[in-house]
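Student: I would like to see how this sequence folds:
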Amino acid sequence: MRSDALPDIPTVAEFVPGYEASNWYGVGAPKATPAEIVEKLNKEINAGLADPEIKARLADLGGTVLAGLPGDFENFVAGEIEKWAKVVKFAGIKPE
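Tutor: The predicted structure follows:
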């Protein structure tokens, strides 16, 4: 996906099929955190991310806001772990 900050600049993926590299940030909580606390955090964080000033500042930094539900983030993280585990295995990367 092209950056909103540089919409006229093609992405590497437009030239190299299947290429993907990105970074992301999220907020996590311990697994035993009560659902009502997770829901409250999610509501407030999403409200902050919807604030036009925050969205504009993140856009200035080249970021894209991806607010959602806790389950969405859980699925996203699981997908990232699966994807990058394949890369690590293929490359034979070992901890030092």
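Student: and Leu66, how many neighbours does it have?
Tutor: By the measure other CB atoms under 10 Å, the count of residues near Leu66 is 12. (Each C-beta comes from the backbone N, C-alpha and C, glycine too.)
Student: what's the answer for Asn42, then?
Tutor: Look at Asn42: counted by other CB under 10 Å, it has 19 neighbours.
Student: so which helix or strand takes in it?
Tutor: Taking DSSP states H and E as the criterion, Asn42 maps to helix 35-50.
Student: and the helix or strand following that helix, how far out from the chain middle?
Tutor: The helix or strand immediately downstream of helix 35-50 is helix 52-60, counting by DSSP H and E. Offset of helix 52-60 from its chain centre (CA atoms, centre = their mean, to the nearest Å): 16 Å.
Student: can you check stretch 17-28 too?
Tutor: Per CA atoms, centre = their mean, the centroid offset for stretch 17-28 relative to its chain is 5 Å.
Student: what do you get for stretch 38-46?
Tutor: 16 Å.
Student: could you list the low-confidence segments of this structure?
Tutor: Of all residues in the chain, none has pLDDT under 70.
Student: sorry, back to before: which elements pack onto the helix holding Asn42?
Tutor: Contact partners of helix 35-50 among helices and strands, from 3 or more CB pairs under 8 Å, 6 or more residues apart in numbering; DSSP states H and E: helix 70-91.
Student: contacts for the helix holding Asn42 next, please.
Tutor: The contact list for helix 35-50 (CB atoms under 8 Å, 6 or more residues apart in numbering) reads 27, 29, 54-55, 65, 67-70.
Student: ok, the residue lying closest to Val12 once chain neighbours are set aside to Ile93 distance?
Tutor: Among residues not flanking Val12 along the chain, Tyr19 sits closest, at 4.9 Å (CB to CB, 6 or more residues apart in numbering). The gap separating Tyr19 from Ile93 is 19 Å, by CB to CB, to the nearest Å.
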